[in-house]
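K.L.:
Please work out how this folds:
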Amino acid sequence: MLTPNDLPLVCLPLELPVEAVAELIDFLHELTEALERHYGAELKRYYDARDIAPGGIESNNSPF
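P.N.:
Numbers count the residues shown, from 1 in each chain. Below you'll find the predicted structure:
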């Protein structure tokens, strides 16, 4: 039986024309850049306050 975590986050058509894929990727890049510009300083403060690198990795200076 499927649980909610088994389902994909986003359902994409299986066969997209390459032009549509390129446009979708361009849009997602532009959206990401806009979010980073708008929320960049706030995100930096958030990560700095928690001593977390912007990828979710804690920077405790441990090699492991």
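K.L.:
drop to CA atoms for contacts and neighbour counts, all remaining ones
P.N.:
Noted.
K.L.:
The helix or strand harbouring Glu33: which residues count as buried?
P.N.:
Using DSSP states H and E, the element containing Glu33 is helix 18-50. Neighbour-count burial for helix 18-50, with 16 or more other CA atoms under 10 Å as criterion, is recorded at no position.
K.L.:
State the mean pLDDT of it.
P.N.:
Averaged across helix 18-50, the pLDDT comes to 93.
K.L.:
begin at 10 from here
P.N.:
From this message on, residue numbering opens at 10, which makes the last subject helix 27-59.
K.L.:
and it, how far from the chain's centre?
P.N.:
Taking CA atoms, centre = their mean, to the nearest Å, the mean C-alpha location of helix 27-59 is offset from the chain mean by 7 Å.
K.L.:
Return the backbone torsion pair for Ile61.
P.N.:
Reported as degrees, to the nearest 10, the phi and psi values for Ile61 are phi -120, psi 130.
K.L.:
ok, it - how many residues close by?
P.N.:
Using other CA atoms under 10 Å, Ile61 has 15 neighbouring residues.
K.L.:
That one bridge partners, please.
P.N.:
The partner list for Ile61 in beta bridges (DSSP bridges) reads Glu67.
K.L.:
Export only the CA atoms of stretch 50-67, formatted as CSV.
P.N.:
This file holds the C-alpha atoms of stretch 50-67, laid out as CSV (Å, rounded to 0.1, in the frame of the first residue of the first chain):
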residue,chain,number,x,y,z
ALA,A,50,20.2,38.3,3.7
GLU,A,51,17.5,36.7,5.8
LEU,A,52,18.7,33.2,4.8
LYS,A,53,22.3,34.1,5.6
ARG,A,54,21.3,35.2,9.1
TYR,A,55,19.2,32.0,9.5
TYR,A,56,22.2,29.8,8.6
ASP,A,57,24.7,31.9,10.6
ALA,A,58,22.5,31.7,13.7
ARG,A,59,22.4,28.0,13.6
ASP,A,60,26.0,27.4,12.4
ILE,A,61,24.6,25.5,9.4
ALA,A,62,26.1,25.6,5.9
PRO,A,63,23.6,26.5,3.2
GLY,A,64,23.0,22.9,2.2
GLY,A,65,21.9,21.6,5.6
ILE,A,66,25.4,20.5,6.7
GLU,A,67,26.3,21.6,10.2
